[in-house]
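Undergrad: I would like to see how this sequence folds:
(one chain, ligands or ions: 1)
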Amino acid sequence: MKRKLMTLAICLFTSTTLMHAQSFLSQNHAIKRVMTTDKYILLPVEEDENNAHIRVIKDNQVVKEFNCKLAINKTDYCVPLDISEYGGDVLLDIQFTGDKRNVGLINDFACWKDIKVTNVFDTKNREKFRPIYHHTPVYGWMNDPNGMFYKDGVWHLYYQYNPYGSQWENMTWAHSTSTDLMHWENQGEAIQPDALGTIFSGSSVIDKENSTGFGKDAVVAFYTSAGAAQTQSIAYSTDNGITFKKYANNPIITSDVPDFRDPNVFWNDDVKQWNLILAAGQQMNIYSSKNLKDWKYESSFGEGYGNHGGVWECPDLLKMGDKWVLICNINPGGPFGGSATQYFVGTFDGHKFTCESKPETTKWMDYGKDHYATVTFDNAPDNRRVAIAWMSNWQYANQVPTMQYRSANSVPRDLGLFTDAGETYVSVVPSKELLALRGDKTNRLSAACELVVDIKSQSKPTVITLSNARDEQVVMTYNPKDCTFSMDRTQSGNTGFSDMFKAKTIAPTHGTIRQLRVFIDKCSIEAFDAAGKMAMTNLVFPTEPYGRLTVNGAAKTTLYELK
Ligand code: FRU
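TA: All right, here's what the predicted structure looks like:
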């Protein structure tokens with residue numbers, strides 16, 4: 001009893017909250033003062049609703065503003081707004097936007113009873129589709145990987161992030177780190193929106209020679225400031241990418257092209273200068289610089305080349321051997337609809353990229369539906385080209401059946417080159433770090449495992465079927481005759497959240513496949529030719545995990561638990 005009283009007393013003294021009733025200023029506008037010693041205000045979200053625009057006001061100044069789908073009828077989940085840095089005393093100015101807000105009286109909106117304060121925000125991984133070994137945000141929405149680099153034994157992954165809901169909005173760079181490329185630690189938000197706009201995709205480099213004057217080995221991040229127009233900006237970090245300071249003279253590159261974004265920067269050792277490539281409409285612009293701040297336009301690539309079924313986005317330009325590869329993510333226009341990663345192989349002299357293939361040639365890096373915004377790590381060890389993709393598709397990314405978080409990244413993949421019939425292609429293999437996840441061999445298919453299929457005969461197709469007791473199934477077929485690999489997810493489980501989800505994807509195998517490696521993780525399947533000539537990434541949402549495996553054909557199958 002005494003202990004209970006003590007605890008109560010401690011609670012009373014350590015946590016005090018004065019949550020003023022909201023004042024309604026119109027049917028679309030309210031203000032609410034919150035004074036608390038707790039760290040967070042919990043904002044209730046209803047995903048089918050329109051956004052409310054929330055301004056956080058401290059001492060009569062706006063200190064933060066963002067959009068959030070505040071609950072009108074019912075709360076789907078809550079997102080935390082950290083107010084500790086404002087002394088726990090803020091005024092929220094809330095403007096409801098959109099038609100739906102005219103239905104019902106503002107006084108009756110569900111959010112008023114569900115706005116709460118708390119000291120701890122629970123991010124335990126309980127959702128049934130949350131992957132075991134893929135990177136996800138701990139809560140909130142994620143899209144493209146951004147600004148990835150390796151330094152002093154640590155892999156850094158930033159990503160497009162919405163802290164105030166599990167759908168796309170309020171673009172911010174969030175940050176995760178890993179020492180083994182597989183287990184990620186959440187480092188929170190690294191670069192937040194400002195007066196120039198929200199923070200769209202980009203890249204980072206390590207400024208080893210201090211060419212910027214920001215400091216030797218400073219991490220310099222390049223991103224698109226997405227305001228009324230899209231411009232390019234810099235932020236830099238002198239604490240290994242944990243905190244960033246924005247460059248005072250942003251923006252550094254401007255244009256009147258509306259889709260002008262996703263700067264990717266690298267040190268070009270061939271010509272001893274920095275290069276930057278960014279997407280400008282349906283082409284890629286290339287720039288050069290000595291100091292990372294002042295950029296000279298060099299040339300554009302793309303007109304008449306490859307696929308132009310959508311907007312070109314998120315480029316990367318890498319030297320591999322004596323060739324250069326220009327990665328060009330495109331949305332829509334992918335081989336099975338929506339988002340995909342195409343690339344071009346050629347030469348680059350620091351000024352101009354020249355594609356060595358015929359203009360009409362289109363090369364895809366991955367033949368699934370859920371492989372987008374692929375870029376590589378800067379400064380990876382041993383000259384490796386390690387790529388990570390966002391494992392989703394803009395056709396339905398905002399609707400996939402998860403709740404407290406949305407989206408995962410692909411497993412890391414090492415890129416290389418191979419040739420087939422006189423053309424050079426990018427090879428894709430799962431990074432070697434994935435081997436360390438292998439647990440015991442097992443004969444049971446589980447929700448997180450690796451399936452290795454050694455093909456013993458090339459005379460008949462090999463058909464791999466994953467299924468469950470509800471007759472949900474995914475069928476993968478390697479057909480050596482026509483040199484194709486396909487994955488059919490039309491009966492894979494929950495497909496009803498979008499008309500565009502059901503699909504059978506099919507890839508050329510560029511010759512025979514001797515070994516297939518298939519990575520399954522709750523809601524994703526990534527299939528690789530172990531020799532790197534075929535990769536296919538698809539999401540699946542089985543209502544219960546696939547527990548049954550059948551492999552038809554002359555093949556030896558090994559299953560590993562992955563941890
Ligand atoms: C690609 C993309 C980028 C943009 C970002 C915004 O998925 O559209 O072009 O920078 O997402 O979140």
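Undergrad: mind listing what Ser255 touches?
TA: Gln230, Thr231, Ala280 (C-beta atoms under 8 Å, 6 or more residues apart in numbering). To be clear about C-beta, it is placed using only N, CA and C from the backbone, and glycine gets the same treatment.
Undergrad: no wait, Thr374
TA: Cys314, Asp316, Ile327, Asn329, Thr341, Met365, Asp366, Ala387, Ile388, Ala389, Trp390, Ser410.
Undergrad: Can you verify it is assigned to a helix?
TA: No: counting by DSSP: H, G, I helix; E, B strand; the rest coil, Thr374 falls outside a helix, being strand.
Undergrad: Okay, it and Gln491: tell me how far apart.
TA: Separation of Thr374 from Gln491 (C-beta to C-beta, to the nearest Å): 28 Å.
Undergrad: Kindly report the same for Val453.
TA: 21 Å.
Undergrad: Please say which of those two ends up with more neighbours.
TA: Each of Val453 and Gln491 has its neighbours counted (other C-beta atoms under 10 Å); Val453 has more, 24 against 15.
Undergrad: and whichever strand or helix holds that one, average pLDDT?
TA: Here Val453 sits within strand 448-455, counting by DSSP states H and E. Mean per-residue pLDDT for strand 448-455: 98.
Undergrad: Count the neighbours of Phe301 for me.
TA: Neighbours of Phe301 (other C-beta under 10 Å): 23.
Undergrad: That one against Cys355, yeah?
TA: Yes: using C-beta atoms under 8 Å, Phe301 is in contact with Cys355, at 7.2 Å.
Undergrad: picking that back up, so what secondary structure elements neighbour the strand holding Val453?
TA: With contacts defined as 3 or more C-beta pairs under 8 Å, 6 or more residues apart in numbering; DSSP states H and E, strand 448-455 has these neighbours: strand 462-467, strand 515-521, strand 555-562.
Undergrad: so what strands line up beside it?
TA: strand 515-521 (antiparallel), strand 555-562 (antiparallel) (DSSP bridges).
Undergrad: Residues contacting that strand, please?
TA: For strand 448-455, using C-beta under 8 Å, 6+ apart, the contacting residues are 131-133, 434, 437-438, 442, 445, 462, 464, 478, 480, 512-522, 530, 549, 551, 553-563.
Undergrad: Could you pick out the buried ones from those?
TA: Neighbour-count burial (16 or more other C-beta atoms under 10 Å) is assigned, among these, to 131-133, 434, 437, 445, 462, 464, 478, 480, 513, 516-522, 530, 549, 551, 553, 555, 557, 559-562.
Undergrad: related to what we said a few turns ago, closest to the ligand out of the strands paired with strand 448-455?
TA: Closest to the ligand of the strands paired with strand 448-455 is strand 515-521 (C-beta to the nearest ligand atom; 21.5 Å).
Undergrad: Following the chain past that closest one, name the next helix or strand.
TA: Immediately after strand 515-521, counting by DSSP H and E, sits strand 524-529.
Undergrad: Just grab the bridge partners of Val90 for me.
TA: Beta-bridge partners, per DSSP bridges, of Val90: Val34.
Undergrad: To clarify, my last question referred to Ser176.
TA: Here Ser176, judged by DSSP bridges, has bridge partners Leu157, Asn186.
Undergrad: Identify the residues contacting it.
TA: His135, His156, Leu157, Tyr158, Tyr159, Trp184, Glu185, Asn186, Gln187.
Undergrad: need the residues of the protein near the ligand, please.
TA: Asn143, Asp144, Gln160, Met171, Phe200, Ser201, Thr224, Arg261, Asp262, Glu313, Cys314, Ala373 (C-beta under 6 Å from any ligand atom).
Undergrad: tell me which residues of stretch 364-381 are tucked away?
TA: 364-380.
Undergrad: typed the wrong thing, it's stretch 172-189
TA: Quick answer for stretch 172-189 (16+ other C-beta under 10 Å): Thr172, Trp173, Ala174, His175, Ser176, Thr177, Ser178, Leu181, Met182, Trp184, Gln187, Glu189.
Undergrad: and if you look at stretch 460-474?
TA: Buried residues in stretch 460-474, counting neighbours by 16+ other C-beta under 10 Å, are found at Pro461, Thr462, Val463, Ile464, Thr465, Leu466, Ser467, Asn468, Glu472, Gln473, Val474.
Undergrad: where's the closest residue in space to the second one that isn't next to it in sequence relative to Val154, distance?
TA: Spelled out, that is Thr462. Take Thr462 and drop its neighbours on the chain: the residue closest to it by C-beta to C-beta, 6 or more residues apart in numbering is Gly553, 3.6 Å away. For Gly553, the distance to Val154 equals 43 Å [C-beta to C-beta].
Undergrad: for Asn250, same thing?
TA: 27 Å.
Undergrad: Give me the more crowded residue out of these two.
TA: Asn250 (18 against 13).
Undergrad: Can you tell me the element the more buried one falls in?
TA: Here Asn250 sits in a region with no helix or strand, counting by DSSP H and E.
Undergrad: Return the residues in contact with it.
TA: Contacts of Asn250 (C-beta under 8 Å, 6+ apart): Leu196, Ser225, Thr231, Ser233, Ile234.
Undergrad: Please list the members of those residues that lie in strands.
TA: When DSSP state E is applied, the contacts of Asn250 are split such that Ser225, Thr231, Ser233, Ile234 fall in strands.
Undergrad: Report pLDDT for the residue lying closest to the second one once chain neighbours are set aside.
TA: Closest residue in space to Thr231, ignoring its immediate chain neighbours: Pro251 at 3.5 Å, by C-beta to C-beta, 6+ apart. Confidence at Pro251, expressed as pLDDT, is 98.
Undergrad: Next: Ala9.
TA: 42.
Undergrad: Gly104 too?
TA: pLDDT, read off for Gly104, is 80.
Undergrad: So it sits against Ala71, correct?
TA: No: using C-beta under 8 Å, Gly104 is not in contact with Ala71; the gap is 11.8 Å.
Undergrad: Endpoint to endpoint, stretch 165-176 covers what distance?
TA: With C-alpha to C-alpha, to the nearest Å applied, stretch 165-176 spans 19 Å between its terminal residues.
Undergrad: how many neighbours does the closest residue in space to His351 that isn't next to it in sequence have?
TA: Setting aside the residues directly before and after it, His351 is nearest to Glu298 in space (C-beta to C-beta, 6+ apart), at 4.5 Å. By other C-beta under 10 Å, the residues close to Glu298 number 17.
Undergrad: Repeat that for the one 5 residues further on.
TA: A total of 10 residues lie near Glu303 under the criterion other C-beta under 10 Å.
Undergrad: helix, strand or coil for it?
TA: Going by three-state DSSP: Glu303 is coil.
Undergrad: next one: phi and psi at it?
TA: With angles defined as degrees, to the nearest 10, Glu303 sits at phi -60, psi 120.
Undergrad: Assess the claim that it and Gln283 are in contact.
TA: Yes: under the criterion of C-beta under 8 Å, Glu303 makes contact with Gln283 at 5.8 Å.
Undergrad: State the helix or strand in which the closest residue to the ligand within the stretch 51-200 of the chain lies.
TA: Across the stretch 51-200 of the chain, the shortest distance to the ligand (C-beta to the nearest ligand atom) belongs to Phe200, at 3.3 Å. Here Phe200 is covered by strand 198-207, with elements defined by DSSP H and E.
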